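Visitor: Structure for this input, please:
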Amino acid sequence: MDSKRYNNLKIGLGVLEGVLTFAISLVFVISGLSLKLAESIGTSVSGLYGIFIIYVLLAGFGLGILLFPLGYYKDFYLEHKYNLSNQTFFKWIFEDIKGLGVSLLIGIPILLAFYYTMLQFGNLWWLPFAILLFIVSVILARVVPVFILPLFYKITPIENEELKSRITILAEEAGINVTDVYKFDMSKNTKKANAAFTGLGKSKRILLGDTLLENYTNDEIETVIAHELGHYKKKHIVKNIIIGTVSSFLTLFIIANLYYLSLGWFGFQNITEIAALPILTLWAMLIGLVQSPLTNIISRKFEYQADEYAILSTGKAEAFKATLEKLTDQNLGDKDPHPFIEWFFYSHPSIKNRIAAIDNFLSSDNTIKNNLKFEAN
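Guide: Model prediction:
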């Protein structure tokens, strides 16, 4: 089955990419190449911050070059092989370069702040840096929908007034004031379909991919948006902010201590030694490996709750199930992955488990059925 092969390949290549990144970073440090690079930069650049940024850029560029063939195969070749991409090679490269530019614009000040906290606060650097990351994440949540997404997609109000009215009513029922509903030209890159509720405060946006608008009925789209609004109604956004903040503080605390304790293993003495900094990446990757299934468990729980809200708020249980099936087919999702694969890698439950949970939810209490505004009505 194409969908299973496609998903297994994507997961396998993602794992390989992570293993190679870890291995290359480890060899980079233990071989002495990291130290040689830092010393070489130091001979022509004055100032720790200048050496630090050039080191990070050159090391990152080198890693990117080494991993480019794998990225090309995973993100370009496979997408075309399975007829999911609308991008030419040069368009794919251009979008990646544009994304890199935005990442550098945001990332370089954060990196400088990171190194500043190390120099100023010593082993307690993780605390002010974690506070900074929280502030930045809140700012980005407000800025991304309004200023960054338009750099990658053309975003315009939808023209379907009936659908807009339905979505506006759903949003009001969820306690959200929506001034407009937007579409974005997702089709310029992919044949996949998606929708999102994004932003904080006045930057909140309901976004519909044009691939969704073109291939789904109003009822089907309504259930998709109801699911997204369910995350807001169930306070998943706030919960994720709290969980993310606690996780960020705890993770940085653990990384900082492991980094300090392991410096001697690689022949370093001071946490601010630029050549030692890839060790932080190594620990971050290992901790991320442990955290991944835990965060996915929470994410899947939230998805189930949003599914329940979608069928309760619209009354269109059958339309929602049909939409989940269509989206899985269009996006070439694996309907029934191996239980371990789903547990470890999937932030969303498989379609098989989502539909089973919906059926179980509907059959758990007859009053639920009686209160639903089924399509037949």
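Visitor: Tell me which residues touch residue 128, please.
Guide: Taking CB atoms under 8 Å, 6 or more residues apart in numbering as the criterion, residue 128 is in contact with 117, 121. Bear in mind the C-beta positions are built from the backbone N, C-alpha and C, glycine included.
Visitor: Would you agree it falls within a helix?
Guide: Yes. Secondary structure of residue 128 (DSSP: H, G, I helix; E, B strand; the rest coil): part of a helix.
Visitor: That one and residue 214, how far apart?
Guide: Residue 128 sits at a distance of 48 Å from residue 214 (criterion: CB to CB, to the nearest Å).
Visitor: For residue 308, give me its contacts.
Guide: By CB under 8 Å, 6+ apart, the contact list for residue 308 reads 230, 358, 361.
Visitor: Switch these over to a markdown table; also include neighbour count.
Guide: Formatted as a markdown table, the contacts of residue 308 follow (neighbours: other CB atoms under 10 Å):
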| residue | neighbour count |
| --- | --- |
| 230 | 24 |
| 358 | 20 |
| 361 | 16 |
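Visitor: so which one among those residues has the lowest pLDDT?
Guide: The lowest pLDDT within the contacts of residue 308 belongs to residue 361, with 90.
Visitor: Helices along the stretch 101-250 of the chain, start to end?
Guide: Assigned by DSSP state H, counting those that start in this stretch, the stretch 101-250 of the chain shows helices spanning 126-143, 149-152, 161-173, 210-215, 218-233, 236-262.
Visitor: Single out the most deeply packed of those.
Guide: Mean neighbours per residue, mean count of other CB atoms under 10 Å, is largest over these for helix 218-233, with a mean of 22.
Visitor: ok, and what's touching it?
Guide: Contacts of helix 218-233 with the rest of the structure, by CB under 8 Å, 6+ apart, involve 160, 162-163, 166-167, 170-171, 174-176, 195-197, 206, 208, 212-213, 216, 236-237, 302, 305-311, 313-314, 316, 319-320, 322-323, 326-327, 375.
Visitor: Mind giving me the PyMOL command for buried ones among the residues you listed?
Guide: Only the buried entries of the contacts of helix 218-233 go into this PyMOL selection, using 16 or more other CB atoms under 10 Å:
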select buried, resi 163+166+167+170+171+174+195+196+197+206+208+212+213+216+236+237+302+305+306+307+308+309+310+311+313+314+316+319+320+322+323+326+327
